[in-house]
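1. Here is a sequence with its predicted model. Questions after.
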Amino acid sequence: MTCQRIEELLSAYLEGELAAAEKAEVDAHLGTCRECASLAGLLRETMGATAAFSEIEPSPALLSKLYAIPAGKREKKSLFRPIFDYLTRPALQPVYAALTGLFIVLSFVLFHPEGRGIRKQIDLRLHRGIGTVEKLYADAGAIKAEVGAFTGNMVKSFNSLGLLRGDEKKQ
């Protein structure tokens, strides 16, 4: 047994709560390990010193106050508690972070002294972006048409050279 395992079992060993097999293993380890034997001795002394203390009974007033705590909590049911619990779920934290960022940006745009200039820049960049996307889309359509024409020319050339078999000919 390791010293760490002995430390875990030492309290149960001193209180006589271990099974016979575990007790024998702890006895064997304590016979060979000075550190664990020293720790067991310190725990025995501590248990002996605390055994002399008398057990204190709580007063009836304290007991009644302690028993009243859970009863008082059960009686108070708020109408807004389920809504609050729903809104404070951890799953909604990314949404709240995104909304916070959006509100910060929106406040700069709307309430900044040069907000009109900021809005113009946003509008300009947005329209440039849309124009770029439209141009790319138009270029993609032109490329598709060119590839289609090129494919048709290639098939005609292969047909005229006799490189395609009879079932592959297209006209």
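-> The structure has been received and is ready for your questions. Numbers count the residues shown, from 1 in each chain.
2. Let me know the secondary structure of S11.
-> Using DSSP: H, G, I helix; E, B strand; the rest coil, the structure places S11 in helix.
3. Contacts for stretch 112-129 next, please.
-> With contacts defined as CB atoms under 8 Å, 6 or more residues apart in numbering, stretch 112-129 is touched by F108, V109. Placement of C-beta: from N, CA and C, glycine included.
4. chain center to that stretch, what's the gap?
-> 37 Å (CA atoms, centre = their mean, to the nearest Å).
5. C-alpha coordinates for that stretch, CSV please?
-> Provided in CSV are the C-alpha atoms of stretch 112-129 (Å, rounded to 0.1, in the frame of the first residue of the first chain):
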residue,chain,number,x,y,z
HIS,A,112,-20.7,59.6,-31.4
PRO,A,113,-20.2,63.3,-32.3
GLU,A,114,-19.0,62.3,-35.7
GLY,A,115,-21.7,59.7,-36.1
ARG,A,116,-22.9,61.0,-39.5
GLY,A,117,-19.4,60.5,-40.9
ILE,A,118,-19.3,57.0,-39.4
ARG,A,119,-22.6,56.1,-41.0
LYS,A,120,-21.4,57.4,-44.3
GLN,A,121,-18.3,55.3,-44.1
ILE,A,122,-20.4,52.2,-43.2
ASP,A,123,-22.8,52.9,-46.1
LEU,A,124,-19.9,53.4,-48.5
ARG,A,125,-18.1,50.2,-47.5
LEU,A,126,-21.3,48.3,-47.5
HIS,A,127,-22.1,49.4,-51.1
ARG,A,128,-18.5,48.6,-52.2
GLY,A,129,-18.8,45.2,-50.7
